[in-house]
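*Asks:* Sequence and computational prediction follow.
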Amino acid sequence: MAEAVVIRAHVADSKLRDLVRYLESSDRDVLIAADETRTPWPDGLGRKVSLTRETIESLGLPFESSYLWMLGDYALYGCRNAVPNFDFYWLIEQDVAIRYTEALEFFKIFDGAQEDLIAPELGRVDRSWWTWTETMEPFVGRTWRCFFPVTRLSGRAIDYLFHRRKSVFSHIAATRDKTGTVLRIPNDEAFVASELCEAGFLCRDINDFNERIYCTDTFRFRRPFPAGFLDVMAADRRIYHPVLGNDCFLSALIERFTFLSSKPDPQRLIAECDYGEFGPLRNIVADQFGAAAVDALRSRCPLLAEAGW
């Protein structure tokens, strides 16, 4: 059972280099699905599959500047086309931390697993999840979702999704030309989960393999962790997302807090400052960057006072 690991990457940095080395220690083939739409990547980071307008359009898929962010399945199509000789492909985003002493310990959990899709937060959703249901209802009977930063797909599932993604774009274009209605493009998490689950592929949550690999305190869309915070922790056999370099972490907080202050949305801000078992975000910032960083963030976002800052 041949298995490759695809790192979906947008920035060539030292954190990516460390992730490549860590994953290569598992004796798996590691591919970097490199977004080169802005600039070519330097050599020496690892085995690269270039993702550009030209490489995407050569597959017969449409390209817009947002697609390599919104449609993570594009990385899988590019890698499957470039290296088709694997039975399964892990897709791991570069802002993920796999907190196992050895990478092989993580992959051994799934030895022998034949599922076509393994992903976190896999499940059906109703119309309260309108972002997903609105985009998928024209194409499937029921809508499913998953969380995409760490997923594994079979080669046959990727092949099926590749043809379905083309069909979805064709339907969107035909609907626009015939009726003037512009349907929204399904994102990766709704599209992959819904298409595979509704077509009868074998799909399973990543926590259903006798180990609790993720939880809401460690694995979210929001609430980033600074890499230095995890570096001093013992390996706890869990996955973390998003994990950012220290400079990127503070910049991400400023951008997010500025956005929430413009609403204003104090309850949401309070929720995003609650890091569960790790305590308040304020304490993490103080421990990692000092009191001056706390004061700087508070000055940029006065609303933080309502979140205990």
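*Replies:* Okay, I see it.
*Asks:* Just give me the longest helix of the protein.
*Replies:* For the chain, the longest helix by residue count, based on DSSP state H, is helix 155-179.
*Asks:* which residues touch the residue lying closest to residue 20 once chain neighbours are set aside?
*Replies:* Distances taken as Cβ to Cβ, 6 or more residues apart in numbering place residue 46 nearest to residue 20, at 4.3 Å, with adjacent residues excluded. For the C-beta atoms, the positions are set from N, CA and C on the backbone; glycine is no exception. Residue 46 sits next to 7, 17, 20, 24, 30-32 when contact means Cβ atoms under 8 Å, 6 or more residues apart in numbering.
*Asks:* quick one: the helices in the chain?
*Replies:* Using DSSP H, helices in the chain cover 14-24, 53-57, 67-70, 73-82, 103-108, 130-136, 155-179, 188-198, 227-231, 246-261, 266-272, 281-289, 291-300.
*Asks:* just these: most buried one?
*Replies:* By mean neighbour count, with neighbours taken as mean count of other Cβ atoms under 10 Å, helix 188-198 ranks first of the helices of the chain at a mean of 25.
*Asks:* elements contacting that helix?
*Replies:* Contacts defined by 3 or more Cβ pairs under 8 Å, 6 or more residues apart in numbering; DSSP states H and E place helix 188-198 against helix 73-82, strand 117-119, helix 130-136, strand 144-145, helix 155-179, strand 203-205.
*Asks:* and the contacts of residue 46, which two are the farthest apart?
*Replies:* Spanning the widest gap among those are 17 and 31, at 14.7 Å by Cβ to Cβ.
*Asks:* Dihedrals phi and psi, the closest residue to residue 137 other than its chain neighbours?
*Replies:* Leaving aside its sequence neighbours, residue 137 sits nearest to residue 143 (Cβ to Cβ, 6+ apart; 6.6 Å). Main-chain torsions, residue 143, degrees, to the nearest 10: phi -100, psi 140.
*Asks:* what's near enough to touch residue 213?
*Replies:* Going by Cβ under 8 Å, 6+ apart, residue 213 touches 106, 109, 120, 206-207, 237-239.
*Asks:* who touches residue 32 in this structure?
*Replies:* Taking Cβ under 8 Å, 6+ apart as the contact definition, residue 32 lies against 6-7, 9, 16, 20, 41, 45-49.
*Asks:* before we move on, back to that, could you tell me the model confidence score at the residue nearest to residue 137?
*Replies:* You'll see residue 143 listed with a pLDDT of 95.
*Asks:* Tabulate the contacts of residue 46 (TSV), appending pLDDT.
*Replies:* Compiled in TSV, the contacts of residue 46 are given as follows (pLDDT from 0 to 100):
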residue	pLDDT
7	98
17	93
20	96
24	96
30	97
31	97
32	97
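*Asks:* With respect to residue 78, which of those residues is nearest?
*Replies:* residue 31 (9.2 Å).
*Asks:* which of the contacts of residue 32 has the most neighbours?
*Replies:* For the contacts of residue 32, the largest neighbour count, defined by other Cβ atoms under 10 Å, is 28 neighbours, found at residue 6.
*Asks:* in terms of contact, does that one touch residue 92 like I think?
*Replies:* Yes - applying Cβ atoms under 8 Å as the test, residue 6 and residue 92 come out as touching, 7.0 Å apart.
*Asks:* Verify the stated contact: the residue nearest to residue 137 with residue 194.
*Replies:* Yes - between residue 143 and residue 194 there is a contact under Cβ under 8 Å: 5.3 Å.
*Asks:* what touches both of those two?
*Replies:* With Cβ under 8 Å, 6+ apart as the test, residue 143 and residue 194 both reach 132, 136.
*Asks:* Domains in this protein, by residue range?
*Replies:* Per automatic domain parsing, the structural domains of the chain span 3-205, 225-307.
*Asks:* Brilliant, that's me finished.
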